[in-house]
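**Student:** need the 3D shape of this:
(one chain, ligands or ions: 1)
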Amino acid sequence: MSHLNNELLDKALKALSNYPLCDRCLGRLFAKYGLRLSNPERGRALKVLLAMSIHKGLGSGSDVLSKEDLVRIAENGGSPISDLVQHYVGPVNLRKCYICGSKLDALLSELTVKCLNLLKGREFKSLLIGVEKNSTYEEREREVVFTLSIDSWESIRREVKREVGKRLQLITGVEPGFKEPDVLLVLNLDTKEVRVRSSQIFLKGYYLKLGRNISQRWWYSKNGGLRYKASVEGVAEKLASVFSSDGILIHAAGREDSDARMLGSGRPLIIEVINPRKKSFELERVNEVLRDDWVKIKILTTTSSGELEEVKKARKPKVYRVVAYVPEGLEEEDLKRVENGLSNAVIFQRTPKRILKRKKDVLRKRAVHKLIARMLSKNLMELIVVCESGLYVKEVVTGDEGRTNPSVSSLLGKESLPVFLDVLEYVKD
Ligand SMILES: [Zn+2]
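**Tutor:** Below is the predicted model of the structure:
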């Protein structure tokens, strides 16, 4: 093979001797060289220079390329080398680009149109374009780069991202490339498919449950039916349509039993709106949509995904109100015994029997900071319990067959049953 006393041209000549390459794919192999040039401009320039060098060689009589070499390079490189060779040497059958099948320009246009269609009706101020890895284009590109020992190349994924991005920017006015974009577009070069996703919106607030038998999430029984007809999640779901979204997820700071009311200033909650096509909203409107007789959700502000774990992991004290039924009847001293035995007490608690199916059996220690007992009738007393997060309060009443100790039952030496339970307060800082 010849030498044109120019490293770049030698490499380009070697590339076209081995592979048919369109202007864009040849130019991409030399992307490191030249500023403010597009890859097609680079590729075209190299082919023009090659054609001129070959032309010069043809005239000088010092032919460094054989006839076969010339025809192969012309077939692989196309115009303007092919024009020259066809004129001086003989017929040339142009070949399709080895990397892209000479389809990359059309593919860029097609992907751009698909992106634009998917962006219709979506609100966004920033966008990010991704290209799925390991396409057949990319595999062939790697082979070419490896075979030719080229170190000045740019990947096809990067070129596609940039080129589609430039075209989208022209039309939408939005420059791609934000780390946390409103919209993410992911292109697949092989299937020519585009997936689009709007980044989530996180709405932060709190909820109250004014009624009983309301689960936090929808709770399905084994036969697929709903255990409870209402849920906090169900009320939050009303937001899905407000944002033209795919749905919502709720993230709360713990959970009370479905049959317990959640009162006071409520339990912290973050509603995650998934793939929201609409991004702009007014809090007032959001809270209006969430209005419900039994579940009160109030959104105060938006937040980021970073705060999710913080809210979910928060361990704050709670104030409970339990009404307990003592079938054998109560005496005044019973109340004192319960107050003294459970105020400032550490409760040893094995996982309650009622949830052993869902959670593994562990022993936990939780503090009751304060307990106040009040007789309501011969068989009923009201207990106000201020305790650490994570205490199973119903079991503090029953004793759960000895699994929770001490308990109201164990202190009284009489069976004691919770009639109902309220979370009076989730203690915030
Ligand atoms: Zn190509």
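**Student:** can you verify my assumption that residue 404 contacts residue 346?
**Tutor:** No. Assessed by Cβ atoms under 8 Å, residue 404 is found out of contact with residue 346, at 11.7 Å. (Glycine included, C-beta is placed from N, CA and C.)
**Student:** so for these two, which residue has more residues nearby?
**Tutor:** Between residue 404 and residue 346, counting by other Cβ atoms under 10 Å, residue 404 is the more crowded of the two (26 against 12).
**Student:** the ion versus residue 297, what's the distance?
**Tutor:** 55 Å (Cβ to the ion, to the nearest Å).
**Student:** adjust the sequence numbering to begin at 45 for everything that follows.
**Tutor:** Renumbered: residue one is now 45, and that last one reads residue 341.
**Student:** nearest residue to the residue in the stretch 295-444 of the chain that the ion sits nearest to other than its sequence neighbours?
**Tutor:** Residue of the stretch 295-444 of the chain nearest the ion, by Cβ to the ion: residue 319 (34.2 Å). Nearest non-adjacent residue to residue 319, counting by Cβ to Cβ, 6 or more residues apart in numbering: residue 290, 4.2 Å away.
**Student:** the one you found and residue 368, how far apart?
**Tutor:** Plainly put, residue 290 is 45 Å away from residue 368 if you go by Cβ to Cβ, to the nearest Å.
**Student:** list the contacts of the residue lying closest to residue 282 once chain neighbours are set aside.
**Tutor:** Excluding the flanking residues, the one nearest residue 282 by Cβ to Cβ, 6+ apart is residue 333, at 5.3 Å. Contact partners of residue 333, counting by Cβ atoms under 8 Å, 6 or more residues apart in numbering, are 282, 283, 286.
**Student:** for the record, mean pLDDT for the host helix or strand of residue 249?
**Tutor:** Assigned by DSSP states H and E, residue 249 falls within strand 245-253. Averaging pLDDT along strand 245-253 yields 97.
**Student:** mind listing the strands that strand pairs with, and their directions?
**Tutor:** Here strand 245-253 is paired, per DSSP bridges, with strand 305-318 (antiparallel), strand 339-347 (antiparallel).
**Student:** deepest of the ones you listed, which one?
**Tutor:** strand 305-318 (a mean of 21; mean count of other Cβ atoms under 10 Å).
**Student:** so how far is that one off the chain centroid?
**Tutor:** How far strand 305-318 lies from its chain's middle: 22 Å, per Cα atoms, centre = their mean, to the nearest Å.
**Student:** also stretch 194-201?
**Tutor:** Mean C-alpha position of stretch 194-201 versus that of the full chain (Cα atoms, centre = their mean) differs by 30 Å.
**Student:** now it: buried residues?
**Tutor:** 194, 197, 198, 199, 200, 201 (16 or more other Cβ atoms under 10 Å).
**Student:** can I assume the third one is in contact with residue 83?
**Tutor:** So the one you mean is residue 198. Yes. Between residue 198 and residue 83 there is a contact under Cβ under 8 Å: 7.3 Å.
**Student:** which residues are common contacts for those two?
**Tutor:** Common contact partners of residue 198 and residue 83 (Cβ under 8 Å, 6+ apart): 72, 75.
**Student:** can you pull up the residues of the stretch 145-294 of the chain that come close to the ion?
**Tutor:** Taking Cβ under 5 Å from the ion as the measure of proximity, the stretch 145-294 of the chain contacts the ion at residue 148.
**Student:** and the helices in the stretch 145-294 of the chain?
**Tutor:** For the stretch 145-294 of the chain, applying DSSP state H, counting those that start in this stretch gives helices covering 148-163, 180-191, 200-216, 276-280, 283-286.
**Student:** which residues sit against the strand holding residue 249?
**Tutor:** With Cβ under 8 Å, 6+ apart as the test, strand 245-253 has contacts from 276, 283, 287, 296, 300, 304-317, 320, 323, 325, 330, 338-349, 351-352, 355, 470.
**Student:** give me the neighbour count for residue 60.
**Tutor:** By other Cβ under 10 Å, the residues close to residue 60 number 22.
**Student:** which residues does it contact?
**Tutor:** Applying Cβ under 8 Å, 6+ apart to residue 60 gives the contacts 70, 91, 94, 117, 120, 121, 125.
**Student:** returning to that earlier point: to residue 400, which of the helices of the stretch 145-294 of the chain lies closest?
**Tutor:** With Cβ to Cβ as the criterion, residue 400 lies closest to helix 276-280 of those, at 24.7 Å.
**Student:** next one: that closest one to chain centre, how far?
**Tutor:** Put simply, helix 276-280 sits 21 Å off its chain's centre (Cα atoms, centre = their mean).
**Student:** quick check: mean pLDDT of that helix?
**Tutor:** 97.
**Student:** pull out the buried positions in the strand or helix carrying residue 390.
**Tutor:** Assigning secondary structure by DSSP H and E places residue 390 in strand 389-394. Within strand 389-394, the residues scored as buried using 16+ other Cβ under 10 Å are 389, 391, 393, 394.
**Student:** which residues touch it?
**Tutor:** Contacts for strand 389-394 (Cβ under 8 Å, 6+ apart): 405-412, 415, 435-436, 439-440, 444, 447-451.
**Student:** okay, now the sheet partners of it, with direction.
**Tutor:** If you go by DSSP bridges, strand 389-394 pairs up with strand 407-419 (antiparallel), strand 448-449 (antiparallel).
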